[in-house]
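[1] Provided below for reference: sequence and predicted model.
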Amino acid sequence: MHFVNKKIFGWTLFFMLAPPVLADFTQADSAKAIANCQGGTFISVIGSGKDANEAKNNAKADITKNIESEVTVITTTETINEEKDGIFRDYDKLSQESTIKSKLTLSGFKEIESPKRKDGKYESKTYICVKDAARGLLEQQRLAHDSLERTYNIARNKKHPKEKNEAWEKTQRHLFKFMEPQRLLNVLGVESPYPVNKIYSQTKADYANFCRNTKVFWQDAGNKECSGVIFERLSKKIPMEKSGCSGGFRLNLSCPIDCSSSSLEIECSFSPRLSIESCDGEEYHPLDAKEIISGSDQYKRDVAMKILTANLKKAIFLNEWEKEILGWVPQCGK
């Protein structure tokens with residue numbers, strides 16, 4: 001294997017090819033390619049094979065493979081920072097969590113001439129106009145840009161905390177879809193015409209304002225045993241305040257205790273219910289425990305209560321509550 005220059009007028013890429021290159025584009029070949037690309041840039045490669053079809057197919061495969069290789073290099077080595085470009089820090093977080101496997105579908109392959117036999121092999125002088133290679137990528141970006149714009153227009157009018165979070169997550173996904181073909185466009189030297197930076201920055205500023213002004217408040221019915229356990233568990237991941245509710249939403253807990261005695265034992269139980277609601281008392285979403293948490297002792301109520309409290313700490317429904325509430329909490333660090 002050896003390295004060969006792929007000439008794009010105005011700049012040059014260095015690609016690694018497996019098949020030997022038997023010749024280079026002549027000046028006349030380049031002039032023909034420029035004319036067919038209507039004066040635009042092109043990428044050229046000469047493929048070889050045992051017959052004409054194999055030579056042509058190898059040439060096409062080499063262009064695709066090596067453009068994708070360049071994308072991998074960019075993805076691995078580029079340093080993105082917010083000072084350079086206002087949108088890419090958040091995208092970089094997404095790219096770190098996802099493996100970007102760019103799918104490049106090239107159309108518009110052209111041949112300078114029919115494959116020629118030389119030294120026992122066929123060679124195919126193949127090229128593609130950059131504008132043809134970029135057309136499908138730009139269409140992908142147009143769709144992602146339009147989705148991003150629609151999401152922004154919806155998100156800025158949302159007041160509901162969970163809907164606001166969902167709109168922000170959609171924004172991140174649309175940006176990811178926009179940036180994936182951008183890496184290919186960077187290799188092709190094509191500038192995107194879509195003002196995604198402006199839209200994303202507006203959405204981000206709106207969400208940042210939501211983050212600054214949205215807090216989670218805790219309110220309970222005064223049952224210390226139950227409230228203490230649930231607050232301690234949820235507050236490990238969810239920042240909450242116990243002051244009067246303002247500028248956000250509150251978690252309103254009720255947790256009645258029921259203790260009964262029989263000739264066999266004393267049994268106590270909790271029936272927790274948490275309401276996610278506005279500071280004005282509008283209930284957004286109720287959370288009921290799917291199980292009754294109980295504890296018992298043969299002789300003493302306080303022992304039954306200690307067992308009950310210990311069982312509450314291990315209750316499975318707390319995992320479900322935590323997951324649901326996190327969907328309502330502003331994700332200000334993302």
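    Okay, I see it.
[2] all strands of the stretch 151-300 of the chain, in order?
    Using DSSP state E, counting those that start in this stretch, the strands found in the stretch 151-300 of the chain span residues 215-220, 248-254, 257-261, 266-270, 273-278, 283-288, 293-297.
[3] could these go into a markdown table alongside mean pLDDT and distance to Cys129?
    Placement of C-beta: from N, CA and C, glycine included. As requested, the strands of the stretch 151-300 of the chain are arranged in a markdown table below (pLDDT from 0 to 100; distance: least, C-beta to C-beta, whole Å):
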| stretch | mean pLDDT | distance to Cys129 |
| --- | --- | --- |
| strand 215-220 | 93 | 55 |
| strand 248-254 | 94 | 55 |
| strand 257-261 | 90 | 76 |
| strand 266-270 | 92 | 71 |
| strand 273-278 | 94 | 56 |
| strand 283-288 | 94 | 54 |
| strand 293-297 | 93 | 69 |
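[4] wait, which of those is closest to Ala55?
    Ranking those by proximity to Ala55 (C-beta to C-beta) places strand 283-288 first, at 63.8 Å.
[5] tell me what that closest one is packed against?
    Counting contacts by 3 or more C-beta pairs under 8 Å, 6 or more residues apart in numbering; DSSP states H and E, strand 283-288 packs against helix 161-188, strand 273-278, helix 317-326.
[6] now do the buried residues in the longest one.
    If you call a residue buried by 16 or more other C-beta atoms under 10 Å, then helix 161-188 has these buried ones: 161-162, 164-168, 170-172, 174-185, 187-188.
[7] and the shortest one, by the same measure?
    Neighbour-count burial for strand 273-278 flags Leu274, Ser275, Ile276, Glu277 (criterion: 16+ other C-beta under 10 Å).
[8] quickly list what the first one is bridged to.
    Leu274 has the following beta-bridge partners by DSSP bridges: Leu253, Leu287.
[9] how near is it to Asn252?
    7 Å (C-beta to C-beta, to the nearest Å).
[10] residues contacting the closest residue to Thr214 other than its chain neighbours?
    In space, and not counting its chain neighbours, Thr214 is closest to Gly248: 4.5 Å by C-beta to C-beta, 6 or more residues apart in numbering. Gly248 makes contacts with Pro161, Asn213, Thr214, Lys215, Val216, Phe217, Cys279, as judged by C-beta atoms under 8 Å, 6 or more residues apart in numbering.
[11] filter the residues you listed down to the buried ones and hand me the PyMOL line.
    Provided next is the PyMOL selection string for whichever of those are buried by 16+ other C-beta under 10 Å:
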select buried, resi 161+214+215+216+217
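[12] the contacts of Gly248 into CSV, with extra columns for distance to Asp119?
    Putting the contacts of Gly248 into CSV (distance: C-beta to C-beta, whole Å) gives the following:
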residue, distance to Asp119
Pro161, 71
Asn213, 74
Thr214, 72
Lys215, 76
Val216, 75
Phe217, 80
Cys279, 82
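[13] can you pick out the most distant pair from the contacts of Gly248?
    Pairwise over the contacts of Gly248, using C-beta to C-beta, the maximum falls at Asn213 and Phe217, 13.2 Å.
[14] still on that earlier bit, quick one: closest of the helices and strands packed on strand 283-288 to Gln140.
    For Gln140, the closest of these is helix 161-188, at 4.7 Å, according to C-beta to C-beta.
[15] got the angle between that closest one and strand 215-220?
    150 degrees (axes from the mean of the first three to the mean of the last three C-alpha atoms, to 10 degrees).
[16] what packs against helix 161-188?
    Counting by 3+ C-beta pairs under 8 Å, 6+ apart, the packing neighbours recorded for helix 161-188 are helix 52-77, helix 88-97, helix 130-155, helix 196-212, strand 283-288.
[17] of these, which shows the lowest average pLDDT?
    Among the helices and strands packed on helix 161-188, helix 88-97 has the lowest mean pLDDT, at a mean of 49.
[18] who are the packing partners of the helix or strand encompassing Asn311?
    Using DSSP states H and E, Asn311 sits within helix 301-313. In terms of contacts (3+ C-beta pairs under 8 Å, 6+ apart), helix 301-313 is packed against helix 224-234, strand 257-261, strand 266-270, strand 293-297.
[19] just the C-alphas of that helix, formatted as CSV.
    Provided in CSV are the C-alpha atoms of helix 301-313 (Å, rounded to 0.1, in the frame of the first residue of the first chain):
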residue,chain,number,x,y,z
ARG,A,301,-44.8,-0.3,68.1
ASP,A,302,-41.5,1.5,68.0
VAL,A,303,-39.7,-1.6,66.8
ALA,A,304,-42.3,-2.1,64.1
MET,A,305,-41.7,1.5,63.0
LYS,A,306,-38.0,1.0,62.8
ILE,A,307,-38.5,-2.0,60.6
LEU,A,308,-41.0,-0.1,58.5
THR,A,309,-38.5,2.8,58.0
ALA,A,310,-35.7,0.4,57.1
ASN,A,311,-38.0,-1.3,54.5
LEU,A,312,-38.9,2.1,53.0
LYS,A,313,-35.3,2.9,52.4
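[20] residues making contact with it?
    Contacts of helix 301-313 (C-beta under 8 Å, 6+ apart): 225-226, 229-230, 233, 259, 265-270, 272, 293-297.
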